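1. next input, structure requested:
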Amino acid sequence: MLAMFKDTMMNTVGHRTTEVALQLGLLYNPSEALKIGMVDQLVPEDQVLATATQTMTKWLAIPDHARALTKSMMRKPTIDKLTSNRETDIQHFVNFITKDSIQKSLGMYMAMLKKRRG
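-> Numbers count the residues shown, from 1 in each chain. The predicted structure follows:
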């Protein structure tokens, strides 16, 4: 499971950015996400629908088969890796997430998030 996040993020923002972010547990605000390439653009809320429509129009102008083939070629190595290691990844994730120290850290993190909302 963790490999899925790591590989997907690494394919998006690069190895070093992913390594630092995962080791430090970084969360990015929208401007930071844009700066590192995690998102393509930021738009005001009242322009989301119009911007999404413009973006989809651009992508849909490309023949479906060409777009799908390119997407598949770009993602196939990661998908194959994830598929072939699925059971091992699940077991590593379960072993990790159920450790007392991790459960304690998650509890503290959730309490901090609740405090922010309050």
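2. tell me the secondary structure of residue 114, please.
-> Three-state assignment for residue 114 (DSSP: H, G, I helix; E, B strand; the rest coil): helix.
3. can you get me a residue count around it?
-> 9 (other C-beta atoms under 10 Å). Just so you know, the C-beta spots here come from the backbone N, C-alpha and C atoms, and that holds for glycine as well.
4. per-residue pLDDT of it, please?
-> On pLDDT, residue 114 comes in at 89.
5. state the distance from it to residue 100.
-> 21 Å (C-beta to C-beta, to the nearest Å).
6. if you average pLDDT over the longest helix along the chain, what comes out?
-> The single longest helix within the chain, with elements called by DSSP state H, is helix 64-84. If you average the pLDDT over helix 64-84, you get 90.
7. and that helix, what does it pack onto?
-> Packing partners of helix 64-84 (3 or more C-beta pairs under 8 Å, 6 or more residues apart in numbering; DSSP states H and E): helix 2-13.
8. just say helix, strand or coil for residue 62.
-> Secondary structure, three-state DSSP: residue 62 is coil.
9. swap in residue 43?
-> coil.
10. okay, now the residue lying closest to it once chain neighbours are set aside: neighbour count?
-> In space, and not counting its chain neighbours, residue 43 is closest to residue 51: 4.6 Å by C-beta to C-beta, 6 or more residues apart in numbering. When neighbours are defined as other C-beta under 10 Å, residue 51 has 13 of them.
11. thinking again about what came up before, report the buried residues of the longest helix of the chain.
-> Neighbour counts over helix 64-84 (16 or more other C-beta atoms under 10 Å) mark residue 82 as buried.
12. quick check: angle from that helix to helix 2-13?
-> Using axes from the mean of the first three to the mean of the last three C-alpha atoms, to 10 degrees, the direction of helix 64-84 lies 140 degrees away from that of helix 2-13.
13. CA atoms only: put helix 64-84 into PDB for me.
-> Written as PDB, here are the backbone C-alpha positions of helix 64-84 (Å, rounded to 0.1, in the frame of the first residue of the first chain):
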ATOM      1  CA  ASP A  64      -9.100   8.200 -27.300                       C
ATOM      2  CA  HIS A  65      -6.900   5.300 -28.500                       C
ATOM      3  CA  ALA A  66      -3.800   7.500 -28.600                       C
ATOM      4  CA  ARG A  67      -4.400   9.000 -25.200                       C
ATOM      5  CA  ALA A  68      -5.200   5.600 -23.600                       C
ATOM      6  CA  LEU A  69      -2.100   4.000 -25.200                       C
ATOM      7  CA  THR A  70       0.200   6.800 -24.000                       C
ATOM      8  CA  LYS A  71      -1.300   6.700 -20.500                       C
ATOM      9  CA  SER A  72      -0.900   2.900 -20.300                       C
ATOM     10  CA  MET A  73       2.700   3.100 -21.500                       C
ATOM     11  CA  MET A  74       3.600   5.700 -18.900                       C
ATOM     12  CA  ARG A  75       1.900   3.900 -16.000                       C
ATOM     13  CA  LYS A  76       2.500   0.200 -16.900                       C
ATOM     14  CA  PRO A  77       5.700  -0.300 -15.000                       C
ATOM     15  CA  THR A  78       4.300   1.100 -11.800                       C
ATOM     16  CA  ILE A  79       1.000  -0.800 -12.200                       C
ATOM     17  CA  ASP A  80       2.900  -4.100 -12.900                       C
ATOM     18  CA  LYS A  81       5.100  -3.500  -9.800                       C
ATOM     19  CA  LEU A  82       2.100  -2.800  -7.600                       C
ATOM     20  CA  THR A  83       0.100  -5.800  -8.900                       C
ATOM     21  CA  SER A  84       2.900  -8.200  -8.500                       C
END
